[in-house]
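Enquirer: Model the structure of this input:
(2 chains)
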Amino acid sequence: MKPKFGVVVFPGSNCDYDAYYAVRKVLGYEAEFIWHKEKDLKKSNIVILPGGFSYGDYLRTGAIARFSPIMETVFNFANNGGVVMGICNGFQILLELGLLPGIMMQNESLKFVCKDVYLKIENRENIFTKNIKQGLIKIPIKHGEGNYFADDETLKSLEDNNQILFKYSSNDGNVSEEFNPNGSRMNIAGIINKKGNVMGMMPHPENACDPLLNKTDGAMIFKSVVANILN
Amino acid sequence: MYKATVIVKRRPKILDPAGKAVEQGAKLLGFNNVKQTRIGKYIEFFIDTNDMTVAEKELKEYSEKLLSNPIMEDFEFTLEEVK
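Expert: Below you'll find the predicted structure:
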């Protein structure tokens, strides 16, 4: 089987081409764009909800996009075990859709943050990080609303079910407030659902794939997913 | 002490892109009777004075100079004394 990525395009997406470029041109996988008004995933095995500002992020980030026609298909696809990766705005859409718990608030600093960050991998028993050998990866973030919030009960359930995937950390794996770029609770940068087939992360792995950019840690996530759905 | 609430709205003839985008969401949900969605801002604050005239003056200046831009927005307010 040759895995295929489907990149959903919402009005206001702006990392859709970056994601397509990374998986198709850099990594050589099959990929196709899917317009948000379509209802068919075009035989994709992995759906990417890309970054950007869908519907201008009015009301709340992702609040309108989650009602786009394609999202009903994505919802059913995910509930049947299909692999969904929400990156940045895509993560926000997954939160609004309820496929992942919690919500994103404005960054605590009130500033849009654009920089490389270190992520500590908290869980390797899942398709997204299983094949990543190193404990830390360096990936850029670029967001104004990446301040992950969930109540204590939800955080505990995320921990108990091993759903926390990435935490913001220092370059030697120290997870503390000092290395939290946006105020996220527990330094959370990425989570998965209980079944482990739906992942949301604020950092942009698609922007750390091309060797020309001198950073390729993001590619490990896409490669891990592909390797593990083939098994 | 007075409690003030201010609602800032875009003037009716000025395009409200946020309202338009949100209304597209209403259509996606099947609410076809929903028309002319417009998004404003609700702001509340206290004014620490016992003088109603002072409170009203500050409320209006605050609203005109900062909370709204008269070129595109109107504002409505309420002001009530609190203990």
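
Enquirer: all contacts plus neighbour counts: C-alpha atoms, from now on.
Expert: Will do.

Enquirer: Helices of chain B, start to end?
Expert: B:17-28, B:52-62 (DSSP state H).

Enquirer: again but with chain A, I slipped
Expert: Under DSSP H, chain A gives helices at A:16-20, A:69-79, A:89-97, A:152-160, A:217-230.

Enquirer: can you list those helices in TSV and add mean pLDDT, mean neighbour count and distance to A:Ile139?
Expert: Shown next, in TSV, are the helices of chain A (pLDDT from 0 to 100; neighbours: other Cα atoms under 10 Å in any protein chain shown; distance: least, Cα to Cα, whole Å):
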stretch	mean pLDDT	mean neighbour count	distance to A:Ile139
helix A:16-20	98	21	14
helix A:69-79	97	17	25
helix A:89-97	97	28	16
helix A:152-160	97	13	23
helix A:217-230	96	19	6
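
Enquirer: could I get the ones you listed as CSV with distance to chain B?
Expert: Below are these laid out as CSV (distance: least, Cα to the nearest Cα, whole Å):
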stretch, distance to chain B
helix A:16-20, 20
helix A:69-79, 7
helix A:89-97, 13
helix A:152-160, 28
helix A:217-230, 31
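
Enquirer: Distance to A:Lys130 added to those, as a markdown table?
Expert: Output for those, formatted as a markdown table (distance: least, Cα to Cα, whole Å):
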| stretch | distance to A:Lys130 |
| --- | --- |
| helix A:16-20 | 21 |
| helix A:69-79 | 20 |
| helix A:89-97 | 20 |
| helix A:152-160 | 18 |
| helix A:217-230 | 6 |
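
Enquirer: and A:Asn187, which of the ones you listed is closest to it?
Expert: helix A:152-160 (11.4 Å; Cα to Cα).

Enquirer: Around chain A, which positions in chain B sit nearby?
Expert: Neighbours of chain A within chain B, by Cα under 8 Å from any Cα of the partner chain: B:Ala18, B:Ala21, B:Val22, B:Gln24, B:Gly25, B:Leu28, B:Leu29.

Enquirer: okay, now the first one: neighbour count?
Expert: B:Ala18: 18 surrounding residues under other Cα atoms under 10 Å in any protein chain shown.

Enquirer: Quick one: residues contacting it.
Expert: A:Gly56, A:Tyr58, A:Leu59, B:Arg38, B:Ile39 (Cα atoms under 8 Å, 6 or more residues apart in numbering or on different chains).

Enquirer: out of the residues you listed, what pair is the most spread apart?
Expert: Among these, A:Gly56 and B:Arg38 lie farthest apart (Cα to Cα), at 14.6 Å.

Enquirer: got the contact list for the residue in chain A that chain B sits nearest to?
Expert: The shortest separation between chain A and chain B is 5.2 Å, found at A:Ile64 (distances taken as Cα to the nearest Cα). A:Ile64 makes contact with A:Ser54, A:Tyr55, A:Asp57, A:Tyr58, B:Ala21, B:Val22, B:Gln24, B:Gly25, according to Cα under 8 Å, 6+ apart.

Enquirer: mind listing what the closest residue in space to B:Tyr2 that isn't next to it in sequence touches?
Expert: Among residues not flanking B:Tyr2 along the chain, B:Glu81 sits closest, at 4.3 Å (Cα to Cα, 6 or more residues apart in numbering or on different chains). Residues in contact with B:Glu81, defined by Cα under 8 Å, 6+ apart, are B:Met1, B:Tyr2, B:Lys3.

Enquirer: what's around A:Gly200, how many residues?
Expert: Count around A:Gly200 with other Cα under 10 Å applied: 28.
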